[in-house]
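Asker: Sequence and predicted model, in that order:
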Amino acid sequence: MPRLTALLVLLVITAACDSPSSVRVPPTAASPVTPPSSPTPPTLTTTLTIRQALSGTFVGNPLTYEVATPSGGTLVVRLSWDPALQYSAKFLMVIGDCAVPTWFQFKCPSAVVFRSSGPDWSPLVGRLAIAPGQTYRVVVDEGVSPWDYGFNQRFTLMADLE
């Protein structure tokens, strides 16, 4: 009996939807959605100054830095750390005007990924041709085992212009 009741209710609902006398609401036009040209990565941003070393600690989350370039040329970013430590991170850097972590869904067209490689791993040096007066992002992240956590890796980051 419950099946018959459920079937009857379903038929009544279907008939009401197909009835010419039912009230129909015209569709509304969706407002256009403009994606952001340069999304903010889900991390805090720190300023990196040209020719000033910045020290930090990587604990497993991507770190984002912004560097303003007073002139054009080549931005050179050097990331140094002690890869001999047990559970040492194997870093990667993403550099570009809208750089975000590699797992982020937005892909920055100007971003370049630099990965460290063994056997020495450190330092990792990234070079990017730049325009004067622009701000560029540098993202530091784990490059080999991003699923690993528990890092406590000290590092030094330095930017320069060539």
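Answerer: Everything's here; your move. Small disclaimer: the values here were computed from a predicted structure and weren't measured. Numbering: from 1, shown residues only.

Asker: tell me which helix or strand of the chain sits lowest on mean pLDDT?
Answerer: In the chain, the helix or strand scored least confidently by mean pLDDT, DSSP states H and E is helix 2-18, which has a mean of 53.

Asker: after it, next one along is what?
Answerer: Downstream of helix 2-18, the first helix or strand assigned by DSSP states H and E is strand 45-47.

Asker: How about residues contacting the helix or strand following that next one?
Answerer: Sequence-wise, the next helix or strand downstream of strand 45-47 (DSSP H and E) is strand 54-58. With C-beta atoms under 8 Å, 6 or more residues apart in numbering as the test, strand 54-58 has contacts from 46, 48, 63, 65, 81, 89, 91, 140, 142, 151-158. C-beta coordinates here come from the backbone N, C-alpha and C atoms, glycine included.

Asker: Neighbouring strands of strand 54-58 in the sheet, and parallel or not?
Answerer: Sheet pairing of strand 54-58 (DSSP bridges) gives strand 153-161 (antiparallel).

Asker: Okay, buried residues for the strand it pairs with please.
Answerer: Across strand 153-161, burial judged by 16 or more other C-beta atoms under 10 Å covers 153, 155, 157-159, 161.

Asker: of these, closest to residue 98?
Answerer: Residue 98 has its nearest neighbour among the buried residues of strand 153-161 in residue 159, at 17.2 Å by C-beta to C-beta.

Asker: and that closest one, how far is that from residue 68?
Answerer: Counting by C-beta to C-beta, to the nearest Å, the separation of residue 159 from residue 68 is 10 Å.

Asker: shared neighbours of these two, anything?
Answerer: Common neighbours of residue 159 and residue 68, using C-beta under 8 Å, 6+ apart, are residue 50.

Asker: what does the model give residue 20 for pLDDT?
Answerer: Here, the pLDDT recorded for residue 20 equals 50.

Asker: And for the one 10 residues further on?
Answerer: pLDDT, the model's per-residue confidence, is 47 for residue 30.

Asker: for the one 3 residues further on, same thing?
Answerer: Model confidence at residue 33, expressed as pLDDT, equals 48.

Asker: what does residue 114 give?
Answerer: Looking at residue 114, the pLDDT reads 93.

Asker: tell me which residues form a beta bridge with the nearest residue to it once chain neighbours are set aside?
Answerer: Excluding its sequence neighbours, the residue lying closest to residue 114 (C-beta to C-beta, 6 or more residues apart in numbering) is residue 126, at 3.8 Å. Beta-bridge pairing for residue 126 (DSSP bridges): residue 77.

Asker: Now do residue 126: how many residues are near it, please.
Answerer: By other C-beta atoms under 10 Å, 19 other residues sit near residue 126.
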